[in-house]
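**Student:** Provide a 3D model corresponding to the input given below.
(one chain, ligands or ions: 1)
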Amino acid sequence: MAGVSLKHICKTYPNGFEAVKDFNLEIKDKEFLIFVGPSGCGKSTTLRMIAGLEEITSGELKIGDTVVNDVEPKDRDIAMVFQNYALYPHMTVYENMAFGLKLRKVPKDQIDKMVKEAAKILDLEQLLDRKPKALSGGQRQRVAMGRAIVCNPKVFLMDEPLSNLDAKLRGQMRIEISKLHQRLETTIIYVTHDQTEAMTLGTRIVVMNAGVIQQVDTPQKLYEEPGNMFVAGFIGSPQMNFLDAVCQVEDDDVYLTIGEMKLRLPETKAEKLKAGGYDGKTVVLGIRPEDLHDESEFVESSQGTALKAKIRVYEMVGAEVFLCFEYEGTNMTARVAPKTAARTGDIVKFALDADKIHVFDKDTEKTIT
Ligand code: ATP
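**Tutor:** Residues are numbered from 1 along each chain as shown. Next up, the predicted model:
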């Protein structure tokens, strides 16, 4: 049973590079927490500090009730799974899984019991005598998990454990890891740069950029209520469309104007812009691809809120179609139903769902509504 607490954690590498800046987070016991963000944002550095593989420059790190800043990795009661599995090639699956326990001088019969139990959970029972080179990528990954499981740690740390697998296997392993979390009921801290992995696995997600936490929330909240443009753009694929818009207050109504499109905001959104003093200012309108509609019933009832554009790319991806176009100098994507009649070169009208738009401050890039 252990949560992990990070208070004002900073990491400056010896060359002076600040990789993690004032990181504050309470990770709850049994939580499946994800660090996600672009390459170089400090995810692995943070995880490695928790593991004890990287020195903490300043701040306080607790696992359970113990401050562990100066505790050796092996005494932290954690187990780490890396992206390259780090299996010993000359040892069998059984020996690989037993290795950590042997080092700890656990009695042989107990090791046997623990390895067999983990092998059962991970469906590795038939493979215990094989060497890693005789295993598939997914099987190797399961052995790496098994090696972590047998140690029965308080906290699992996983650094991009699926990144060496092909897309199909990654999908399967995602489900396996999710089941494993439910079964083991332990805290998992998981690093990935893949937002699909983050959204499907995490009970909470920490979005990082340039060493700084951008937002900590459930997957759904991050998607529906991103706190700034970075999070809005990072979570969601294809990504949210952003357009510069001029805000105008007329009588009691608030309008956003972009080119020939004039969009009246719903009341709650309008109030936020009025209260923030945005009349006459340029803001950024954000709209997800699925909230742009090309169906005639939407477009006909949209009055001034439709935007007209020439389709540059038509992309059929099975259950949906992506239509890429340019509007007012910005590349945009709409996600529409496969029955759409639109094709490359067509002029198409799209209606925006005003209830679904996001509005950001152009200078601070923070969400206004
Ligand atoms: P990726 O997804 O590419 O693994 P990441 O978010 O895990 O990225 P980190 O590995 O934590 O990023 O690195 C954060 C930043 O710190 C990067 O800019 C990296 O170049 C820098 N960095 C990492 N290790 C060192 C080091 N030993 N010395 C100096 N800078 C480092």
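
**Student:** can you give me the strands in the stretch 201-350 of the chain?
**Tutor:** With strands called from DSSP state E, counting those that start in this stretch, the stretch 201-350 of the chain shows them at 204-209, 212-217, 241-250, 253-258, 261-264, 282-287, 292-293, 306-316, 321-327, 330-336, 347-352.

**Student:** how about the residues of the stretch 151-300 of the chain by the ligand?
**Tutor:** Contact residues, the stretch 151-300 of the chain versus the ligand (Cβ under 6 Å from any ligand atom): residue 193. Quick note: C-beta positions are derived from backbone N, CA and C, even for glycine.

**Student:** right, and residue 217 touches residue 204 too?
**Tutor:** Yes: at 6.7 Å, residue 217 and residue 204 qualify as touching, with contact defined as Cβ atoms under 8 Å.

**Student:** which ones are touching residue 85?
**Tutor:** Neighbouring residues of residue 85 by Cβ atoms under 8 Å, 6 or more residues apart in numbering: 132, 140-141, 143-144, 164.

**Student:** residue contacts, residue 157?
**Tutor:** For residue 157, the contact set (Cβ under 8 Å, 6+ apart) comprises 47, 50-51, 78-81, 188-190.

**Student:** just checking: what are the partner strands of the helix or strand that contains it?
**Tutor:** Using DSSP states H and E, residue 157 sits within strand 155-159. Neighbouring strands of strand 155-159 in its sheet, by DSSP bridges, are strand 78-81 (parallel), strand 187-192 (parallel).

**Student:** can you flag the weakest of those strands by average pLDDT?
**Tutor:** Of all those, strand 78-81 carries the lowest average pLDDT, namely a mean of 90.

**Student:** for the next helix or strand after that one, output the C-alpha coordinates as CSV.
**Tutor:** Going down the chain from strand 78-81, the next helix or strand is helix 93-103, by DSSP H and E. This file holds the C-alpha atoms of helix 93-103, laid out as CSV (Å, rounded to 0.1, in the frame of the first residue of the first chain):
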residue,chain,number,x,y,z
VAL,A,93,12.4,-17.1,-18.6
TYR,A,94,12.2,-18.8,-15.2
GLU,A,95,15.7,-17.7,-14.3
ASN,A,96,15.1,-14.2,-15.5
MET,A,97,12.0,-13.9,-13.3
ALA,A,98,13.7,-15.5,-10.3
PHE,A,99,16.9,-13.4,-10.5
GLY,A,100,15.8,-10.5,-8.3
LEU,A,101,14.5,-12.8,-5.6
LYS,A,102,17.7,-14.8,-5.6
LEU,A,103,19.7,-11.7,-5.1
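
**Student:** which residues touch helix 93-103?
**Tutor:** Contacts with helix 93-103, where a contact means Cβ under 8 Å, 6+ apart, come from 79, 87-88, 91, 110-112, 114-115, 118-119, 124, 127-132, 135, 143, 146-147, 150-151.
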